[in-house]
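Enquirer: quick one: sequence and predicted model below, then my questions.
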Amino acid sequence: MSVVALQWVALAACLLGAATRLPDIHRGRGRGVFTALVLLSVAVGLSLRPIYLAVDQLLGGVNLANLVIRMALYAVFVLLGLRMVAAFDAPRARKFILGPLGIAVLVATVGATVYFFVQSDLSYSSTGLGAFEDQEAVQHYSEVGRLYPGYVAACLVGPSLASVVNSGARFLHRLAGAFLALGFGTVTLFAALRLLGVELAAWNIILPFSAILCVVLGLCLIWLSRRRAAHSGGRSNLLAQ
């Protein structure tokens, strides 16, 4: 599969994941995860060249679409962090994500992202800002953009793995935890490698979009597990609500 095909598959998975949540939204459930999947769909869609160029032209042709991607991803990790620490009853992860440190990382990341974006000379639309990679401000902008997602993902790997080894959980729930752990672990690895300046070539696309597929699949499996639990009278998982 080519890297472009992987991006389109990731977009389709995000849209399908959001669509499966629509019936629950009408019942007043699952709004947090649904919103996260919609925002993730926006971010993934804007990573695709034809969509990015069309949208950015509507926004003035100065790469505001890239800033939208960054902010959408930050919001996705805020929402997933909120839901996962509750769903997996992870007080330590809750402290790191929702406590003073987590809030400080989020505020600093958003502030630095906007600052370096404004400092960059982005005179025309360029998907992924590839045409401006030689600018120091753009390099810092890209580095900062991986801080908060990488930080939250690192906090969520442990709770996800804990759900995998929970012998009292349903099989689908444990399988979902495995995909979530793999996805968040990949996000953490990708952020670390990029911050260390490792040249990833095609893996610069493969790693993050594979992570997206794993996370979306994990969320869909949890939704399916809740459906089965509801039919059997069992206890549902908070991530599916």
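Expert: Yep, that arrived.
Enquirer: residue contacts, the nearest residue to residue 183 once chain neighbours are set aside?
Expert: Leaving aside its sequence neighbours, residue 183 sits nearest to residue 214 (Cβ to Cβ, 6 or more residues apart in numbering; 3.2 Å). For every residue, glycine as well, the C-beta is placed using N, CA and C. By Cβ atoms under 8 Å, 6 or more residues apart in numbering, the residues touching residue 214 are 179-180, 182-183, 186.
Enquirer: and the gap between residue 214 and residue 182?
Expert: 5 Å (Cβ to Cβ, to the nearest Å).
Enquirer: go on, residue 91?
Expert: 23 Å.
Enquirer: right, and the helix or strand after the lowest-mean-pLDDT helix or strand in the chain?
Expert: Among the helices and strands of the chain, helix 22-26 carries the lowest confidence by mean pLDDT, DSSP states H and E, at a mean of 81. Going down the chain from helix 22-26, the next helix or strand is helix 31-46, by DSSP states H and E.
Enquirer: nearest spatial neighbour of residue 145, skipping sequence neighbours?
Expert: residue 70 (5.0 Å).
Enquirer: need the next SSE after the helix or strand hosting that neighbour, C-terminal direction.
Expert: Secondary structure assigned from DSSP H and E places residue 70 in helix 64-87. Counting by DSSP H and E, the next helix or strand C-terminal to helix 64-87 is helix 91-98.
Enquirer: if we can go back for a sec, quick check: angle from the helix holding residue 70 to helix 31-46?
Expert: Going by axes from the mean of the first three to the mean of the last three Cα atoms, to 10 degrees, helix 64-87 is angled at 150 degrees with respect to helix 31-46.
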